[in-house]
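> One predicted model, sequence on top.
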Amino acid sequence: MAEPDLRDLDVFMAVARTRNFRRAAVEIRVSVSSLSQRLRDLEERLGVRLMNRTTRSVALTEAGELLLSRVAPALRDVGDALDQVRGLREVASGRLRINAPPPAVDLVLAPMVGPFLGLHPQVDLDIVSESGFVDIVSAGFDAGVRYGEHLAQDMVAIPLSGPQRYVVVASPAYLARRGKPKHPKDLLDHDCIRARYSSGVMHDLEFEKAGQLVKVDPPAKLISTNMNLAMRAALDGAGVWATIDGYVGEALKSGALVSLMEDWCEPFPGPFLYYPSRRQVPPALRAFIDFVAVWRKRETR
């Protein structure tokens with residue numbers, strides 16, 4: 001019987017990473033039936049069972065764990081060597097699809113788009129802005145952007161920006177009429193401008209000071225996922241708005257908005273670009289990853 005080849009091991013690695021036949025098939029671009037048959041053939045050639053699978057789960061056997069621990073580093077080395085050789089002839093081109101939440105698009109990706117496309121004229125960017133969580137592999141995206149607490153463990157993630165900060169703001173006219181909230185719980189007695197996710201969920205507002213975490217669910221005078229509308233409403237005195245500082249920097253400088261409860265608004269890590277931990281990264285995505293690394297270095301200077 002023939003010895004296993006690299007394609008057999010690729011199939012095994014994909015299933016071992018994702019613990020899901022459908023996701024593994026999408027990742028390595030084969031049908032589920034073909035993937036399943038290759039895995040069975042590999043087990044027959046080795047004479048041992050590598051995985052226990054049911055309709056709901058996939059688990060490695062002791063033999064599977066051993067093979068994974070020994071083969072994974074070797075395949076990474078082989079993949080890196082082949083990618084380096086291909087990189088000598090590959091030019092970044094084609095369509096690069098990225099899914100990202102609106103704040104990451106508005107405040108982080110938007111300034112990058114022009115310079116990146118200027119450096120890589122053969123790349124076409126397709127950026128979809130949505131607040132809901134998306135399975136980027138099954139949805140056909142090359143990469144996604146999310147904040148750290150929402151990243152899947154089987155993804156490679158790189159920081160897109162430095163720390164960000166939530167701010168609570170209101171117009172001088174609103175504050176003259178209603179007074180200044182000084183503690184997060186004071187917001188329960190104020191009109192607030194809130195956002196709802198595409199899933200329909202409206203999360204509590206979270207504040208932290210000196211390790212003390214406070215969550216509040218204040219009344220919403222306006223609910224909107226549109227940042228321009230929320231900004232306009234805040235400027236017009238419709239209520240108190242909790243948002244990321246990048247949206248309101250100019251308004252705070254001009255005095256059109258006033259920052260509130262600053263001691264309760266601590267910085268948090270910025271968004272991450274993430275993509276499947278597959279061996280071969282498409283040239284357009286690799287070019288964007290390299291661009292982000294250079295961009296971040298300039299940011300920190």
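Perfect, thanks for sending it. Residues are numbered from 1 along each chain as shown.
> State the distance from the residue nearest to E27 when sequence neighbours are not counted to P276.
When the adjacent residues along the chain are set aside, E27 lies closest to A14, with 5.2 Å between them (Cβ to Cβ, 6 or more residues apart in numbering). Bear in mind the C-beta positions are built from the backbone N, C-alpha and C, glycine included. Using Cβ to Cβ, to the nearest Å, one obtains 10 Å as the distance from A14 to P276.
> tell me, what's touching those two both at once?
Overlap of the contact sets of A14 and P276 (by Cβ atoms under 8 Å, 6 or more residues apart in numbering) consists of E27.
> still on that earlier bit, right, and the residue nearest to E27 touches V30 too?
No - A14 is not in contact with V30 according to Cβ atoms under 8 Å; the separation is 9.0 Å.
> which of those two has more neighbours?
Set side by side, A14 and V30 show unequal neighbour counts under other Cβ atoms under 10 Å, the larger going to A14 at 24 against 18.
> what sits against the more buried one?
When contacts are counted by Cβ under 8 Å, 6+ apart, A14 is found next to A24, A25, E27, I28, L35, R278.
> I'd like to know which elements the worst-scoring helix or strand of the chain on mean pLDDT is packed against.
The helix or strand of the chain with the lowest confidence, counting by mean pLDDT, DSSP states H and E, is helix 62-87 at a mean of 79. For helix 62-87, the packing partners by 3 or more Cβ pairs under 8 Å, 6 or more residues apart in numbering; DSSP states H and E come out as helix 6-18.
> and the helix it packs on, which residues are buried?
The neighbour-count check on helix 6-18 (16 or more other Cβ atoms under 10 Å) flags D8, L9, D10, V11, F12, M13, A14, V15, A16, R17, T18 as buried.
> how close does the first one sit to A233?
In other words, D8. D8 is 59 Å from A233, where distance means Cβ to Cβ.
> And the third one, by the same measure?
In this view, D10 and A233 are 52 Å apart by Cβ to Cβ.
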